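1. here you go, sequence then predicted model.
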Amino acid sequence: MAKRGGFPGGGMPGNMNNLMKQAQRMQRQMEESQKALEESEFSATAGGGAVEVTVTGKREITKIKLAEEVVDPDDIEMLEDLIMVAANEALRKVEEAYSSSMSKMAGGMGLGGLPF
């Protein structure tokens, strides 16, 4: 009597097992990569290096360094602008690192067309 439905032998076919293992491996790699990125620091400068902002991969500002000559009590607006520019650039670096990491993983699985 022939069995209806299922796979011969009661288990998943070999390539389905391989796909599951590959997906689990990719998930571990993504978790490791994300942890490494979160522990990384990204710095950017503005005003020719007068302002430097450092952020973590978790997008938290950990350091703001100001050159003495940029601190002008009569021009606080310029200092605010420089800090904002440096902070935004540092955050862009974090985003680029995440995008690059995800693209490498997607490319490694042959999923280059997916929007990661």
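-> Looks like it came in fine. Quick caveat, the model's predicted, so the values are computed rather than measured.
2. any idea of the pLDDT on residue 33?
-> The model reports residue 33 with a pLDDT of 87.
3. and it, how far from residue 99?
-> According to Cβ to Cβ, to the nearest Å, residue 33 and residue 99 sit 12 Å apart. Where C-beta positions appear, they are placed from N, C-alpha and C, glycine not excepted.
4. these two: who's more crowded?
-> Higher neighbour count among residue 33 and residue 99: residue 33, with 16 against 11, using other Cβ atoms under 10 Å.
5. shouldn't residue 71 be in contact with residue 79?
-> Yes. Between residue 71 and residue 79 a contact is recorded at 6.6 Å, counting by Cβ atoms under 8 Å.
6. neighbour count: the two, which is higher?
-> Legend: neighbour count by other Cβ under 10 Å for residue 71 and residue 79, higher for residue 79 (17 against 11).
7. and that one, helix, strand or coil?
-> When classified by DSSP: H, G, I helix; E, B strand; the rest coil, residue 79 comes out as helix.
8. OK, contacts around the spatially most central residue of the chain?
-> Geometric centre of the chain, nearest residue: residue 98, 2.0 Å, by Cα atoms, centre = their mean. Residue 98 makes contacts with 37, 57, as judged by Cβ atoms under 8 Å, 6 or more residues apart in numbering.
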